[in-house]
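Undergrad: Let me see the structure of the following:
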Amino acid sequence: MKKKHWYDYLWIWSIVYFALGFFNILFAWLGLVDFFLPILLAVFGGNKFFCNNLCGRGQLFMLLGGKKKCSRGKPTPKWMGSTWFRYGFLIFFLAMFLNMLFQTYLVAAGAESLKEAIKLFWTFRVPWGWTYSVGWVPDWVAQFSFGFYSVMLTSLLLGLIVMVLYKPRSWCAFCPMGTMTQGICKVRHRALNGKENQG
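TA: Sure, this is the predicted structure:
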């Protein structure tokens, strides 16, 4: 039997994160850990340790889809793991992320007012309004929270959908963070190999 490590229970972190954000949107900022840590580990470690061991979302999909039998277990379609789809989805994801940052900037600059809205799939507004009381923090801080939580919740739902339809961790085939860290690792390895060849 495989020995359990502390990081094998990070699926709990995913549940706690979304639960906290459900009751107070400002907790959405905690999700930046899942945004920066994979990048830092790829840049300085040259590997996908985060994706393979620390991703609570991937663990959650394995728990629900594997142990809880919520997945059909069908093979992940090849096109989901294709280069064009992975990088296409990454570009789309980054465009949505940059748009979210721009909206935050507009609120910070006073050009726009705070939009207290959580949107799924960048379109559908979630009908709950108790997640924030105006005035706790500067409006731009709250605006970022609404936008970032929307992105995190949308990606979770996309992952759950493909988990049910295919294998539990089908989301990992085109996860933007996975694609980004894989690209970073490739560039890093090429740079290191280039230095060794020059030496």
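Undergrad: so where does the spatially most central residue of the chain fall, helix or strand?
TA: Nearest to the geometric centre of the chain sits Met152, at 5.5 Å (CA atoms, centre = their mean). Per DSSP states H and E: Met152 is located in helix 139-165.
Undergrad: That helix packs against which elements?
TA: Counting contacts by 3 or more CB pairs under 8 Å, 6 or more residues apart in numbering; DSSP states H and E, helix 139-165 packs against helix 11-23, helix 56-62, helix 83-109, strand 119-120. (Each C-beta comes from the backbone N, C-alpha and C, glycine too.)
Undergrad: And those: which comes nearest Gly194?
TA: With CB to CB as the criterion, Gly194 lies closest to helix 83-109 of the helices and strands packed on helix 139-165, at 22.5 Å.
Undergrad: next helix or strand past the helix holding Met152?
TA: Sequence order places helix 176-198 as the next helix or strand after helix 139-165, per DSSP H and E.
Undergrad: what's in contact with that following helix?
TA: With CB atoms under 8 Å, 6 or more residues apart in numbering as the contact definition, helix 176-198 has outside contacts at 34-35, 38-39, 41-43, 46-48, 50-51, 86-87, 89-90, 93-94, 155, 172.
Undergrad: Can you give me the buried ones in it?
TA: Buried residues in helix 176-198, defined by neighbour count with 16 or more other CB atoms under 10 Å: Pro176, Met177, Gly178, Thr179, Met180, Thr181, Ile184, Cys185, Arg188.
Undergrad: ok, the fourth one to Val134 distance?
TA: Spelled out, that is Thr179. For Thr179, the distance to Val134 (CB to CB, to the nearest Å) stands at 37 Å.
Undergrad: most tightly surrounded among the helices and strands packed on helix 139-165?
TA: Highest mean neighbour count of the helices and strands packed on helix 139-165: helix 56-62, a mean of 22 (counted as mean count of other CB atoms under 10 Å).
Undergrad: And the contacts of that helix?
TA: 8-15, 17, 34, 51, 155-156, 159-160, 163, 168-169, 171-172.
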